[in-house]
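> Structure here, sequence nowhere to be found:
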């Protein structure tokens with residue numbers, strides 16, 4: 001029986017690298033993995049999922065994925081979605097259909113919360129509907145679990161207001177523990 005997985009973690013927890021390794025494991029065993037990410041995330045270019053460690057794989061957009069029918073999905077043994085926090089409620093509902101109607105596992109990777117510690121829409125519905133929820137862990141500069149993502153400006157000062165979605169990487173975000181997020185301490189003093 002297929003399941004919907006949500007594997008969440010802060011930035012730098014190797015979510016994308018893990019997604020690409022899972023795809024590789026399927027392909028190594030002669031199975032087909034379909035990779036997707038929301039079109040909004042174009043940092044690595046359209047049709048590419050790339051990890052900071054230098055590995056990448058072609059993908060389709062989630063918008064394309066949710067329009068696919070049984071015939072188009074029948075050749076795939078699993079679906080892997082990166083940056084799933086950017087999915088809409090309707091897209092997550094369609095991911096549950098892929099699991100339930102086509103008996104195809106769907107493995108989603110993404111952030112749980114934004115820089116203000118608020119849930120993303122996709123994460124909210126994945127937390128509500130996923131069969132399996134797993135944390136991909138990383139650590140804060142202090143050594144505690146980094147469960148929060150902090151956005152910072154060009155001077156390294158934490159930003160606490162702004163739009164929920166601002167694409168970026170190490171140049172504008174850092175993962176920290178809840179305590180240091182509350183205190184606004186993003187690096188070792």
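Nice, thanks for sending it over. Bear in mind the structure is a predicted one, so any value in this text is a computation, not a measurement. Numbering: from 1, shown residues only.

> how long is stretch 74-91 end to end?
One end of stretch 74-91 sits 19 Å from the other (Cα to Cα, to the nearest Å).

> Pull out the buried positions in it.
Residues of stretch 74-91 classed as buried: 76, 78, 79, 80, 81, 82, 83, 84, 85, 86, 87, 91 (neighbour count, 16 or more other Cβ atoms under 10 Å). C-betas here are computed from N, CA, C, even on glycine.

> now those residues in JSON lines, with distance to residue 124 and secondary structure?
Converted to JSON lines, these look like this (distance: Cβ to Cβ, whole Å; DSSP: H, G, I helix; E, B strand; the rest coil):
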{"residue": "76", "distance to residue 124": "26", "secondary structure": "coil"}
{"residue": "78", "distance to residue 124": "23", "secondary structure": "strand"}
{"residue": "79", "distance to residue 124": "20", "secondary structure": "strand"}
{"residue": "80", "distance to residue 124": "20", "secondary structure": "strand"}
{"residue": "81", "distance to residue 124": "15", "secondary structure": "strand"}
{"residue": "82", "distance to residue 124": "18", "secondary structure": "coil"}
{"residue": "83", "distance to residue 124": "15", "secondary structure": "coil"}
{"residue": "84", "distance to residue 124": "11", "secondary structure": "helix"}
{"residue": "85", "distance to residue 124": "9", "secondary structure": "helix"}
{"residue": "86", "distance to residue 124": "12", "secondary structure": "helix"}
{"residue": "87", "distance to residue 124": "10", "secondary structure": "coil"}
{"residue": "91", "distance to residue 124": "12", "secondary structure": "helix"}
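
> Report the two of those separated the most.
Farthest apart among the buried residues of stretch 74-91 by Cβ to Cβ are 76 and 85. That separation is 22.6 Å.

> re the thing from before, which one of the buried residues of stretch 74-91 is nearest to residue 29?
residue 78 (11.0 Å).

> ok, so what distance separates the closest one from residue 107?
The spacing between residue 78 and residue 107, counted by Cβ to Cβ, to the nearest Å, is 6 Å.

> shared neighbours of those two, which are they?
residue 22 (Cβ atoms under 8 Å, 6 or more residues apart in numbering).

> what about residue 103, neighbour count?
Around residue 103 there are 9 other residues, counting by other Cβ atoms under 10 Å.

> That one reaches residue 4, doesn't it?
No. When contacts are counted by Cβ atoms under 8 Å, residue 103 is not listed as touching residue 4 (11.8 Å).

> and the gap between residue 6 and residue 99?
12 Å.

> now swap in residue 139 and tell me
Residue 139 is 32 Å from residue 99, by Cβ to Cβ.

> Give me the more crowded residue out of the two.
When neighbours are counted by other Cβ under 10 Å, residue 99 comes out ahead of the other of residue 139 and residue 99, with 20 against 15.

> Can you name the element that comes right after the helix or strand bottoming out on mean pLDDT in the chain?
When the helices and strands of the chain are compared on mean pLDDT, DSSP states H and E, strand 158-159 comes out lowest with a mean of 74. On the C-terminal side of strand 158-159, the nearest following helix or strand under DSSP states H and E is strand 173-176.
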